[in-house]
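**Q** next comes the sequence, and after it the predicted model I'd like to discuss.
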There are 2 protein chains.
Amino acid sequence: MFVAMNRFRVQPGQGDAFERIWRERDSYLAGVPGFVQFMLLRGDEGEYISHSTWESRAAFDAWTESDAFRRGHAQGSLMGVLAGPPVIGMYDALMVQPATSAAS
Amino acid sequence: MFVAMNRFRVQPGQGDAFERIWRERDSYLAGVPGFVQFMLLRGDEGEYISHSTWESRAAFDAWTESDAFRRGHAQGSLMGVLAGPPVIGMYDALMVQPATSAAS
């Protein structure tokens, strides 16, 4: 499994606007090969993370080169509500323990 | 859903040691009420994240006050391999899209 996170810092008072932009976007992720899950996460003090999980880094890389990716990222800019550029992080999952696994 | 992430920066050359410590730990998470998933994530340049997903922030909070939490965190220190203190981040999931959802 592979996780990509894009960290956003939102300007003071722009949280509601940021969240509304995400809710009104089309996702274009359903049916993409290797896509597992998307979450929009809200932390403290204007911090948000767009968090996507993939079966593999190769599946993520293929998506970033796809028409679905281009359509999803051509829906208007978040820049008006951000306090700075987003910061991407990419992670390989070394261990995965679902709730259903036996106790170790 | 709720996500807790603990970010670790590992000293140069200590990645294998850090990963071995995690693999040899007992997790104590199976069967904890509200626990959904644990992942150990590896990023670039000595960055790791211990990443846990919960049904709610209340389930996470209850776990941090449990005997299982105390047992899990009494298994020896990571401090010998870290380049600094871990940084905790806690996040509410505002949107969740699984791979099985219909296209929007």
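**A** Nice, thanks for sending it over.
**Q** need the next SSE after the helix or strand bottoming out on mean pLDDT in chain A, C-terminal direction.
**A** Of all the helices and strands that make up chain A, helix A:67-72 has the lowest average by mean pLDDT, DSSP states H and E, namely a mean of 84. Sequence order places strand A:87-98 as the next helix or strand after helix A:67-72, per DSSP states H and E.
**Q** mind listing what's buried along that next one?
**A** A:89, A:90, A:91, A:93, A:95, A:97 (16 or more other CB atoms under 10 Å in any protein chain shown). Any C-beta I mention is one placed from the backbone N, CA and C, and that applies to glycine too.
**Q** can you check the pLDDT for residue A:104?
**A** Each residue has a pLDDT score; the one for residue A:104 is 39.
**Q** once you drop chain neighbours, what's closest to residue A:17?
**A** When the adjacent residues along the chain are set aside, residue A:17 lies closest to residue A:81, with 5.1 Å between them (CB to CB, 6 or more residues apart in numbering or on different chains).
**Q** for the one you found, what are its contacts?
**A** By CB atoms under 8 Å, 6 or more residues apart in numbering or on different chains, the contact set of residue A:81 is A:10, A:11, A:14, A:17, A:18, A:21.
**Q** quick one: contacts of the helix or strand hosting residue A:3?
**A** Using DSSP H and E, the secondary-structure element containing residue A:3 is strand A:2-9. Residues outside strand A:2-9 that contact it (CB under 8 Å, 6+ apart): A:18, A:46-57, A:59-60, A:78, A:82-84, A:86-93, B:39, B:41, B:51.
**Q** ok, now stretch A:84-99?
**A** Residues external to stretch A:84-99 that are found in contact with it (CB under 8 Å, 6+ apart): A:1-9, A:57, A:60, A:78, B:19, B:22-23, B:27, B:29-30, B:35-44, B:47, B:49.
**Q** for stretch A:81-95, measure first residue to last.
**A** Distances were taken as CA to CA, to the nearest Å; on that basis the terminal residues of stretch A:81-95 are 36 Å apart.
**Q** now residue A:44: phi and psi?
**A** Main-chain dihedrals, residue A:44, degrees, to the nearest 10: phi -90, psi 150.
**Q** what are the neighbouring residues in contact with it?
**A** Contact criterion CB under 8 Å, 6+ apart gives residue B:90 as the residues in contact with residue A:44.
**Q** let's see 10 Å
**A** Contacts here follow CB atoms under 10 Å, 6 or more residues apart in numbering or on different chains; on that basis residue A:44 touches B:89, B:90, B:91.
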